[in-house]
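Peer 1: build me a structure from this.
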Amino acid sequence: MSAMEKEISPRVNSAMLPNWINKTVRLTCKVIKFNEGEGPRLTVEASDGGQITVHALKEDVVIADPYLEIIGKVVDPTTIQMLGCISMGTELGASSSSICLTSYPHRPL
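Peer 2: Here you go, the predicted model:
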């Protein structure tokens, strides 16, 4: 595996998670619930409406906004282990599904 392949973290939705087990991904999502039971866990809704459990970084994680981009390792088809988190604010300007599934156009040389 090349160094560049190690740095790739594609944006996914819940339906795509089974294809990325043990890989790092980015998930744009809405926080549904914060669970503090056996370690901090978030229940989030992906752009396709699927719900995913996210194991948070640590117990003192602060989630201030409802929309996040989770960077994490896919544990199983419904679970991500958080490696990082980016706040996306209180509203997304475009449909989150268009953010997640946009393909990047190739620029001719």
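
Peer 1: what residue lies at the spatial centre of this protein?
Peer 2: Leu27 (2.0 Å; CA atoms, centre = their mean).

Peer 1: which parts of the one helix or strand that one maps to are buried?
Peer 2: Counting by DSSP states H and E, the element that carries Leu27 is strand 24-35. Within strand 24-35, the residues that count as buried by 16 or more other CB atoms under 10 Å are Thr24, Val25, Arg26, Leu27, Thr28, Cys29, Val31. For the C-beta atoms, the positions are set from N, CA and C on the backbone; glycine is no exception.

Peer 1: ok, for Thr79, nearest residue in space, not its chain neighbours?
Peer 2: Using CB to CB, 6 or more residues apart in numbering and skipping residues adjacent in sequence, the residue nearest Thr79 is Thr53, 4.8 Å away.

Peer 1: is it true that that neighbour touches Thr43?
Peer 2: Yes: using CB atoms under 8 Å, Thr53 is in contact with Thr43, at 6.0 Å.
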